[in-house]
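Peer 1: From the sequence below, what's the structure:
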Amino acid sequence: SPAWCHRFEPAGDRLGTRYDRWLALEEAHAGQTIEITAEQAAFLEKQNPCFRERHVESGTPGELLSADTFFVGSLKWIGKVYLHAVVDTFGSYAFGFLHVSKQPEAAVAVLHNDVLPFYRALDLPVKAALTDNGREFCGTEKHPYELYLDLNAIEHRRTKVRTPKTNGFVERFNGTVLEEFFRVKMRETFYETVEALQADLDAWLVHYNTERPHLGYRNMGRRPIETVMSFVSQEG
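Peer 2: A predicted model of the protein is given here:
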């Protein structure tokens with residue numbers, strides 16, 4: 001371990017895990033008790049992709065959403081399944097829609113059916129969406145995704161070409177849902193329909209968003225719904 005890591009090992013445990021050091025270092029940085037070095041920043045960015053996006057400071061829920069599509073796996077009799085994910089950079093509140101394609105219509109569906117209704121219920125505008133340059137997101141002004149964003153006055157921002165890992169919030173979510181949900185459920189359960197898998201994903205998303213604390217940047221121990229509702233209550 002780098003020499004600086006020992007400074008952040010738990011008291012009474014000189015070994016400490018990388019996980020312990022990551023959390024201790026992030027907490028110290030968030031509390032402005034230390035200035036981190038380039039080496040320490042690289043360590044945090046590797047442990048937590050969200051930290052890499054710390055320059056993207058959302059001031060409100062819905063100000064900037066990260067969207068992505070990734071291959072989940074294959075279901076017998078159905079074929080390939082993709083997750084269309086959207087994550088709020090303000091507090092990592094996440095939405096997910098499963099589909100058998102990467103078509104723009106599926107990327108639009110999660111916005112229309114899940115994302116926008118959530119923010120409308122809280123009387124919060126969705127201002128911008130950050131995506132890569134995939135064909136499900138980008139095209140002419142008549143492209144379904146581009147058109148939907150335009151109709152809802154949502155700015156479309158794109159990650160830099162040839163630098164796919166510049167969307168850290170959704171990158172961290174993708175890794176979490178893959179490890180904690182898909183690899184477990186698709187090994188233990190035989191799914192005959194995408195809808196059945198979606199139902200279990202919806203239940204997991206409730207746990208992810210409203211029941212368990214999120215450690216590290218940006219929630220620092222709060223649940224995503226707590227981060228969102230804290231802002232709403234302050235505004236109210």
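Peer 1: Just the CA atoms of stretch 71-86, as CSV, please.
Peer 2: This file holds the C-alpha atoms of stretch 71-86, laid out as CSV (Å, rounded to 0.1, in the frame of the first residue of the first chain):
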residue,chain,number,x,y,z
PHE,A,71,-25.6,-5.5,-21.9
VAL,A,72,-27.0,-7.5,-19.0
GLY,A,73,-26.9,-11.0,-20.4
SER,A,74,-29.1,-13.4,-22.3
LEU,A,75,-32.3,-15.1,-21.3
LYS,A,76,-33.2,-18.5,-22.7
TRP,A,77,-36.0,-18.2,-25.3
ILE,A,78,-35.6,-14.4,-25.3
GLY,A,79,-32.1,-13.5,-26.2
LYS,A,80,-30.0,-10.5,-25.3
VAL,A,81,-31.2,-8.1,-22.6
TYR,A,82,-30.0,-4.5,-22.1
LEU,A,83,-30.4,-2.2,-19.1
HIS,A,84,-31.3,1.4,-20.0
ALA,A,85,-30.1,3.3,-16.9
VAL,A,86,-30.4,6.9,-15.7
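Peer 1: for the record, mean pLDDT for it?
Peer 2: Taken as a whole, stretch 71-86 has an average pLDDT of 92.
Peer 1: mind listing what's buried in it?
Peer 2: Neighbour-count burial for stretch 71-86 flags 72, 75, 81-86 (criterion: 16 or more other Cβ atoms under 10 Å). Where C-beta positions appear, they are placed from N, C-alpha and C, glycine not excepted.
Peer 1: quick one: which of those sit in helices?
Peer 2: Among these, no member falls in helices (criterion: DSSP state H).
Peer 1: in this structure, what spans have low per-residue confidence?
Peer 2: 1-57, 161-168, 216-220, 236 (pLDDT under 70).
Peer 1: Let's see that with 90 instead.
Peer 2: For the chain, applying pLDDT under 90 flags the ranges 1-59, 74-78, 91-92, 140-141, 159-172, 174-176, 186-189, 212-222, 234-236.
Peer 1: What's the local residue count around the residue nearest to residue 112 when sequence neighbours are not counted?
Peer 2: Nearest residue to residue 112 in three dimensions, chain neighbours excluded: residue 148, at 7.1 Å (Cβ to Cβ, 6 or more residues apart in numbering). Number of residues near residue 148 (other Cβ atoms under 10 Å) recorded here: 20.
Peer 1: and residue 148, that one's in a helix?
Peer 2: Yes. Membership of residue 148 in a helix is supported by DSSP: H, G, I helix; E, B strand; the rest coil.
Peer 1: how close does it sit to residue 123?
Peer 2: Between residue 148 and residue 123 the distance is 21 Å, computed by Cβ to Cβ, to the nearest Å.
Peer 1: just checking, what packs against the one helix or strand residue 183 maps to?
Peer 2: Assessed by DSSP states H and E, residue 183 sits inside helix 183-188. If contacts are counted by 3 or more Cβ pairs under 8 Å, 6 or more residues apart in numbering; DSSP states H and E, helix 183-188 sits against strand 65-75, helix 194-206.
Peer 1: Okay, now the sheet partners of the first one, with direction.
Peer 2: Note on strand 65-75: by DSSP bridges, its sheet partners are strand 79-88 (antiparallel), strand 128-131 (parallel).
Peer 1: Residue 138 touches residue 159, doesn't it?
Peer 2: No. Counting by Cβ atoms under 8 Å, residue 138 stays clear of residue 159, with 10.7 Å between them.
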